[in-house]
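Asker: Pasting the sequence and the predicted coordinates here, then a few questions.
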Amino acid sequence: MNVALLHIDFAGLDAPDWGIGNITSQLVWNLYVKAPSQGGVCKVYNRQWHPEDEKYKNPGSYGYDYSLIATSEVKHNIPLTGDLVIFNSRNFHEVLPGIGERITISSFIGKMPGGDLVFWS
């Protein structure tokens with residue numbers, strides 16, 4: 001079963017002491033090498049993270065409380081083998097349970113203050 005709690009990915013929060021911690025914006029890409037036979041939907045909410053949202057982070061977890069996205073629009077990305085999905089990883093997102101093997105290749109793309117693009121995984 002593949003699952004990811006409601007979360008965000010942002011190097012400014014996750015890696016503030018690294019060079020990538022200085023990025024001004026960030027995208028994630030996921031290439032589905034093998035999709036689960038059922039489920040495994042990635043839900044991306046039209047709600048970006050803000051520093052004050054940290055008070056809604058579940059203690060001892062990377063996940064956030066669902067009250068943050070209760071009224072947000074959502075895009076359901078149904079994984080299909082061969083698909084490439086790109087989105088703003090500062091938007092709240094989650095992966096629902098799936099049945100069967102899921103293999104993805106993922107990486108991040110960030111924009112530095114001077115305009116340079118950086119890539120990391």
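Answerer: It's in.
Asker: from here on, contacts and neighbour counts on C-alpha atoms
Answerer: Fine.
Asker: residues touching the residue most central in space within the chain, list them.
Answerer: What sits nearest the mean C-alpha location of the chain, by C-alpha atoms, centre = their mean, is Ser89, with 4.3 Å. Ser89 makes contacts with Ile8, Asp9, Phe10, Gln26, Leu27, Val28, as judged by C-alpha atoms under 8 Å, 6 or more residues apart in numbering.
Asker: Out of the residues you listed, list just those in strands.
Answerer: Counting by DSSP state E, these place Gln26, Leu27, Val28 in strands.
Asker: could you give me the average pLDDT of stretch 76-93?
Answerer: Average pLDDT, stretch 76-93: 97.
Asker: Please spell out which residues along it are buried.
Answerer: For stretch 76-93, the neighbour count (16 or more other C-alpha atoms under 10 Å) marks Ile78, Pro79, Leu80, Asp83, Asn88, Ser89, Arg90, Asn91, Phe92, His93 as buried.
Asker: Take those residues and keep only those in helices.
Answerer: Per DSSP state H, helices hold no members of these.
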